[in-house]
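# I'd like to go over a predicted model; first the sequence, then the structure.
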Amino acid sequence: MEKSLAQLIARDASEQDSEFTVVIVYQDFHCGLRAAQLYERITKQFVQDCRFQLHLWKSDILTLPAMVQSSSEIAAAADLVIFSLDAASEISSRLKSWIEKWVEGRSERDAALVALFSHVGEPVSGLAAARAYLNDVARRRKMQFITDPGEARQDLAVPLLDPAPAPTATPASLPEQTGHQRDAYAHWGLNE
């Protein structure tokens with residue numbers, strides 16, 4: 001089951017008309033930003049290979065009755081679930097309840113659970129418990145568990161992917177390479 005994130009995406013890319021579904025659950029603005037940066041790195045690295053579908057939720061909203069069912073079904077079917085949490089806080093019992101709901105509905109198939117922890121300063125005692133809990137969640141459904149190595153800090157680079165390749169294209173050639181028309185909306189402004 002030890003597959004890299006790149007192998008999971010490649011598996012999805014090999015299936016015609018498939019999407020790689022990513023769920024991000026974040027605790028606060030900084031955690032959300034960190035997870036969004038990881039998602040951006042993933043999509044940039046695999047933009048040629050795969051279509052991505054993103055579901056981005058603040059952890060507080062997942063405890064609302066109107067969100068529990070639909071969000072847990074989406075997470076249960078996701079290829080990648082990213083939790084971006086503040087290491088200084090424990091995972092709330094309400095969030096654990098939501099996690100258990102989607103884990104219960106998840107089939108055992110290739111997928112990954114990523115745990116990102118943001119904290120600046122001294123190591124936090126609750127971090128080990130949160131990591132252990134999320135690792136157990138992944139283990140129960142045979143998901144790959146990926147987390148930050150060492151201490152969790154905001155400035156820690158997330159080594160989940162290969163380093164980004166150096167750009168080989170100039171900005172002018174990017175539209176042709178990506179299939180987008182250059183200046184598709186040229187001269188639409190009032191002052192042009």
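Looks like it arrived, so ask away.

# in the chain, which ranges drop under the pLDDT threshold?
For the chain, applying pLDDT under 70 flags the ranges 1-4, 10-17, 119-125, 149-192.

# which residues of it fall in helices?
Secondary structure of the chain (DSSP state H): helices at 5-14, 29-46, 65-77, 93-104, 125-140, 174-178.

# what packs against the fourth one?
What that stands for is helix 93-104. helix 65-77, helix 125-140 (3 or more Cβ pairs under 8 Å, 6 or more residues apart in numbering; DSSP states H and E). For glycine as for every other residue, the C-beta is placed from the backbone atoms N, C-alpha and C.

# Residues in a beta bridge with Leu116, which ones?
Ser84 (DSSP bridges).

# What number of residues are in the vicinity of Ala129?
Ala129 has 12 neighbouring residues, counting by other Cβ atoms under 10 Å.

# Hmm, Ala87 and it touching each other?
No: if you go by Cβ atoms under 8 Å, Ala129 and Ala87 don't touch, sitting 10.5 Å apart.

# who touches Leu80 in this structure?
Leu80 makes contacts with Leu5, Leu8, Phe20, Thr21, Val22, Val23, Ile42, Ala111, Ala112, Leu113, Val114, as judged by Cβ atoms under 8 Å, 6 or more residues apart in numbering.

# and the gap between the nearest residue to Ser97 once chain neighbours are set aside and Ser93?
Spatial nearest neighbour of Ser97, excluding adjacent residues (Cβ to Cβ, 6 or more residues apart in numbering): Thr63 at 7.6 Å. Between Thr63 and Ser93 the distance is 10 Å, computed by Cβ to Cβ, to the nearest Å.

# and these two? which has more neighbours close in?
Thr63 (14 against 8).

# does that one really touch Lys96, like I thought?
No: contact criterion Cβ under 8 Å: Thr63 and Lys96 do not qualify, at 10.2 Å.

# Next, the contact list for the residue nearest to Ser97, please.
Ser92, Arg94, Leu95, Ser97, Trp98.

# one more time with 10 Å
Contacts for Thr63 (Cβ atoms under 10 Å, 6 or more residues apart in numbering) come out as Ser92, Ser93, Arg94, Leu95, Ser97, Trp98.

# For the residues you listed, give me CSV that also has distance to Asp28.
Shown next, in CSV, are these (distance: Cβ to Cβ, whole Å):
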residue, distance to Asp28
Ser92, 13
Ser93, 18
Arg94, 16
Leu95, 13
Ser97, 20
Trp98, 17
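
# Filter those down to the buried ones.
Leu95, Trp98 (16 or more other Cβ atoms under 10 Å).

# Of the contacts of Thr63, just say which sits nearest to Gly32.
Leu95 (14.6 Å; Cβ to Cβ).
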